[in-house]
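In: sequence first, then the predicted structure, then my questions.
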Amino acid sequence: MHIMVRDKRTGSEEWLPLEQAAVLMKLDPAEIEWALEEFGECESVDYIAVEPE
C-alpha cells in the first residue's frame, strides 16, 4: 500500500510505501491504516498521511 505523505513544515508531498511512511512518521503501520480507514488521513507531529484516491 502506498500513501501520500505531506511534510507540514515544507508542504512537500511524496508517495511512500506504508512501512516507510510509518518509520518517517514514527507511528505503527497498523495505526496509520486504521486512521486512514476511519478519517481518510493520519497526522503526526511533522507529517500528514493521506489515503490514495
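Out: Structure's in. What do you need?

In: from here on, just use CA atoms for contacts and neighbour counts.
Out: Fine.

In: roughly how far does the residue of the chain most remote from its centre sit from residue 46?
Out: The C-alpha centroid of the chain is most remote from residue 10, which lies 15.2 Å away (C-alpha atoms, centre = their mean). Per C-alpha to C-alpha, to the nearest Å, residue 10 is found 10 Å from residue 46.

In: list the contacts for the closest residue to residue 47 other than its chain neighbours?
Out: Spatial nearest neighbour of residue 47, excluding adjacent residues (C-alpha to C-alpha, 6 or more residues apart in numbering): residue 7 at 4.7 Å. Listed by C-alpha atoms under 8 Å, 6 or more residues apart in numbering, the contact set of residue 7 reads 13, 46, 47, 48.

In: swap the cut-off to 10 Å and go again
Out: By C-alpha atoms under 10 Å, 6 or more residues apart in numbering, the contact list for residue 7 reads 13, 14, 25, 44, 45, 46, 47, 48, 49.

In: who wins for neighbours among those?
Out: residue 49 (27 neighbours; other C-alpha atoms under 10 Å).

In: quick check: it is in a strand.
Out: Yes. Secondary structure of residue 49 (DSSP: H, G, I helix; E, B strand; the rest coil): part of a strand.

In: what's opposite the nearest residue to it once chain neighbours are set aside in the beta bridge?
Out: Excluding its sequence neighbours, the residue lying closest to residue 49 (C-alpha to C-alpha, 6+ apart) is residue 5, at 4.4 Å. Using DSSP bridges, the beta-bridge partners of residue 5 come out as residue 14, residue 49.

In: circling back: tell me the one of the contacts of residue 7 nearest residue 1?
Out: residue 49 (12.2 Å; C-alpha to C-alpha).

In: how far away is the closest one from residue 29?
Out: Taken as C-alpha to C-alpha, the span from residue 49 to residue 29 is 11 Å.
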